[in-house]
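[1] Got a sequence here, can you build the structure:
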Amino acid sequence: MWLKLFFLLLYFLVLFVLARFFEAIVWYETGIFATQLVDPVALSFKKLKTILECRGLGYSGLPEKKDVRELVEKSGDLMEGELYSALKEEEASESVSSTNFSGEMHFYELVEDTKDGIWLVQTSVSFREILT
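    Here you go, the predicted structure:
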């Protein structure tokens, strides 16, 4: 009887330790102080705009850093974890690739190979080049 109770308590202790271990891994990945407040005054204009974009707020009519900073402050407290995730999203969105096509067949070949993507095509052919 006492042995079963001991193993049951040992089982719960192991579960508790494993839960704390996995929680520590999450803290390490997101930053231990992810819930610490960040002062928007110390951030650059670009970072402030990134925070507003992640919060879904527009800043098109705000030309000065002071105005953007005030909007960030009014929209809520800024945590380090939010700043970290916003900057990570910005880095991911900046990795845009471009492809230069050598001709019509090259274009069709690449588009057919990647039908699941979206293609934005910019042509740089002048009217004189078409006539000649």
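[2] Ser85 looks like it's in a helix, true?
    Yes - the assignment for Ser85 (DSSP: H, G, I helix; E, B strand; the rest coil) places it in a helix.
[3] how about the helices of this structure, start to end?
    Using DSSP state H, the helices of the chain run over 2-30, 45-55, 65-75, 80-94, 104-113, 127-131.
[4] Give me the residue at the spatial middle of this structure.
    Centrality entry for the chain: nearest residue to the mean C-alpha point is Glu89, 1.6 Å, by Cα atoms, centre = their mean.
[5] so it makes contact with Ile51?
    No - using Cβ atoms under 8 Å, Glu89 is not in contact with Ile51; the gap is 10.5 Å. For every residue, glycine as well, the C-beta is placed using N, CA and C.
[6] Could you find the closest non-adjacent residue to the residue nearest to the centre of the chain?
    Setting aside the residues directly before and after it, Glu89 is nearest to Cys54 in space (Cβ to Cβ, 6 or more residues apart in numbering), at 6.3 Å.
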